[in-house]
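1. Curious how this folds, go ahead:
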Amino acid sequence: MNDFHKWENWSPWAKLDPTMTQTYDGSAAGVGAGYAWKGNSKAGQGRMTITDGAPDRLIRIDLEFLKPIKATNLTEFAFAQEGGGTKVTWTMTGRNGFVGKLLLNLDKMVGKDFKKGLASMKGVVERPPTAA
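-> Numbering: from 1, shown residues only. Sure thing, here's the model as predicted:
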C-alpha cells in the first residue's frame, strides 16, 4: 500500500487511460514517496505524496487534483486487525468553497470507486503467490 509503483494492481483509476503518463519521485515507498499522473479527461491530472505512516496501521497521503478541477485532499488508509483478517478504511477529506460544494459530491463521485478499489485490493492481497 505504501508503494505507488504497486497501485496499478488494484487502483480503480489506473486503467482509465492506457496512455496515462505516470512519474514517481522521492522515496521508493513510505513517507516521502511521490506519484504524479497526467491522463485523459477521465483520469485527469494530479499528484500524491505519502506524508505519514505507521506499519500495518496507517498511510496518510496529500492528494492534489490539478485537472479537471483543482482540489487538495487528505487521503487515509487505516488498517485494523479484525477476526482473521484486516479491516481497511479508506477516507478522503478536503475543503470546498461554495462553488465546489455545488459541483462536487465526493461521496457520490468516488464512493463507488473506493468500493471497487477495496475489492480489487482484497483480491490482490488474498491471491496465492505465483511461482517465480
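2. Just the buried residues of the biggest strand by length in the chain, please?
-> For the chain, the strand with the greatest residue count under DSSP state E is strand 71-82. Buried residues in strand 71-82, counted by 16 or more other C-beta atoms under 10 Å: 71, 73, 75, 77, 79. In short, each C-beta sits where N, CA and C put it, glycine included.
3. Adjacent strands (with direction) for the helix or strand that comes right after it?
-> Downstream of strand 71-82, the first helix or strand assigned by DSSP states H and E is strand 85-94. Here strand 85-94 is paired, per DSSP bridges, with strand 71-82 (antiparallel).
4. starting at the chain centroid, how far to the strand it pairs with?
-> 9 Å (C-alpha atoms, centre = their mean, to the nearest Å).
5. neighbours around N9, how many?
-> 13 (other C-beta atoms under 10 Å).
6. heads up, I number from 4, so please use that
-> In the new count, where the first residue is 4, that last one comes out as N12.
7. Closest to E129 out of the buried residues of strand 74-85?
-> Set against E129, the nearest of the buried residues of strand 74-85 by C-beta to C-beta is F82 (14.8 Å).
8. Now do the residue lying closest to W10 once chain neighbours are set aside against Q25, distance only.
-> Once flanking residues are discounted, W10 sits nearest to A17: 6.5 Å by C-beta to C-beta, 6 or more residues apart in numbering. Taking C-beta to C-beta, to the nearest Å as the measure, A17 falls 9 Å from Q25.
9. All set, thanks.
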